[in-house]
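**Student:** here is my input; please provide its structure:
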Amino acid sequence: MIFKPKQLGKVSLPQDDMVADKKACFRYGPCGVGKLALYLNSFYFDRRYYVPIQSVKRVFKRVAMSRGGFTRRGVFASVPYLVVEYDKNQVKQCNFKREEDVDDMLAYIGKQWPSIPLHSVEAERRLREKAAREAARYLKELTPQAQAAWDELERAKKQLENDPGRSTRLARAAKEKRRNDQANPAYKWVALAIVIAGALAAAYGVYALLTHDRTGIYFTLLGLAAVFFFAGSRVLPTAKNNKKAIDQAWEDAKAAMAKYIGPDFPVPSQYAHPIVLQRMIRVLREGRAQTVDQAFEVMKKDLKALNSSVQVEQEEYDEVVTVKPMFLLCNYE
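**Tutor:** Alright, predicted model coming up:
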């Protein structure tokens, strides 16, 4: 191990135990989760620090939105962070490229250590307020028909939660296809041209340095900066980041889900996600539908009404951005 992780906080681990734990940890983007500690990144290096589990007080996601994130134009969009609070008022914030990696890491931490809070203090307050508001709008008693529909949806939801990877794969494939379909193809080729130019500039800079031309350092630095920047931007066309591969991933995810749930599932396979079923259950509990089919139609109508001009809470936003791409790709059919 070239770089041993540095300790964060007051509690330390025996070096041999820490090294073995890091090697065996589950990796999520630049961070990792072991049996003994969380391994967190620095700006330049993955898993550069570690925080023992007993020191962790709270772990949650934070998302910063650039202007491009709201307009869905340009290279930049949302910037996800993992925030770890440890000891007394100590905080480490880790930047990620993929928001899905943050979600997966939080889900694993919640499964392994249920006592660790996975929301910020402010988010927990909002969740309590939301739960109180929801309890006030739900019916105290459902009709037998609506109760039977609720039970059916709960069984289906548990089936999906028994193998969450399938739903996650479906939602991710839909989001990637939606992003790729709406992106200007020219961006990828412009980025590729810049990377090639950067590589040539870096090569020339190295040659210039070997010939004792001091200006070569500038070509090298600028060229490497362009290469590394665009290589991490998810804009470059690659074996996986191209229209054919993305379309195939979406078709494969739909086929795998259809095979898993069978023909009698309460929603079409392309929409089989726990969030979809949970939103349908809310419709039943609010008394806006009596059957599964009615709840599905009302839920679709609610999703259609949510667009960029509608302001929603963070929890609602997280749900919508997860499942709405699936409905948009299939035209809500």
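
**Student:** how about P80, secondary structure?
**Tutor:** Following DSSP: H, G, I helix; E, B strand; the rest coil, P80 is assigned to strand.

**Student:** what's the answer for A174, then?
**Tutor:** Applying three-state DSSP: A174 is helix.

**Student:** can you get me a residue count around it?
**Tutor:** A total of 26 residues lie near A174 under the criterion other C-beta atoms under 10 Å. No exception for glycine: its C-beta is placed from N, CA and C like everyone else's.

**Student:** what do you get for N242?
**Tutor:** Neighbours of N242 (other C-beta under 10 Å): 15.

**Student:** which residues touch it?
**Tutor:** Neighbour list for N242: empty [criterion: C-beta atoms under 8 Å, 6 or more residues apart in numbering].

**Student:** and Q248, how close does it get to P268?
**Tutor:** According to C-beta to C-beta, to the nearest Å, Q248 stands 20 Å off from P268.

**Student:** who has more neighbours, these two?
**Tutor:** Comparing Q248 with P268 by other C-beta under 10 Å, the one with more neighbours is P268, at 16 against 13.

**Student:** what about the strands in the stretch 51-200 of the chain?
**Tutor:** Using DSSP state E, counting those that start in this stretch, the strands of the stretch 51-200 of the chain run over 56-65, 78-86, 90-95.

**Student:** now do the buried residues in the longest one.
**Tutor:** The neighbour-count criterion (16 or more other C-beta atoms under 10 Å) identifies V56, K57, R58, V59, F60, K61 as the buried residues of strand 56-65.

**Student:** show me what it is in contact with.
**Tutor:** Residues contacting strand 56-65 (C-beta under 8 Å, 6+ apart): 38, 77-87, 93, 99, 102-103, 106, 109, 113, 116-121, 123.

**Student:** of those residues, buried ones?
**Tutor:** 38, 77, 80, 82, 84-86, 99, 102-103, 106, 109, 116-120, 123.

**Student:** show me where pLDDT drops low in the stretch 1-150 of the chain?
**Tutor:** 1-3, 65-78 (pLDDT under 70).

**Student:** let's go with 90 and repeat that
**Tutor:** For the stretch 1-150 of the chain, applying pLDDT under 90 flags the ranges 1-5, 9, 11, 42-45, 62-80, 88-89, 97-100, 103, 122-141.

**Student:** residues contacting R172?
**Tutor:** R172 touches E100, A253, counting by C-beta under 8 Å, 6+ apart.

**Student:** give me the distance between it and L139.
**Tutor:** 35 Å.

**Student:** so how far is V121 from the residue positioned nearest the centre of the chain?
**Tutor:** In the chain, the centroid-proximal residue (C-alpha atoms, centre = their mean) is E100; its distance is 1.9 Å. Distance check for E100 against V121: by C-beta to C-beta, it reads 25 Å.
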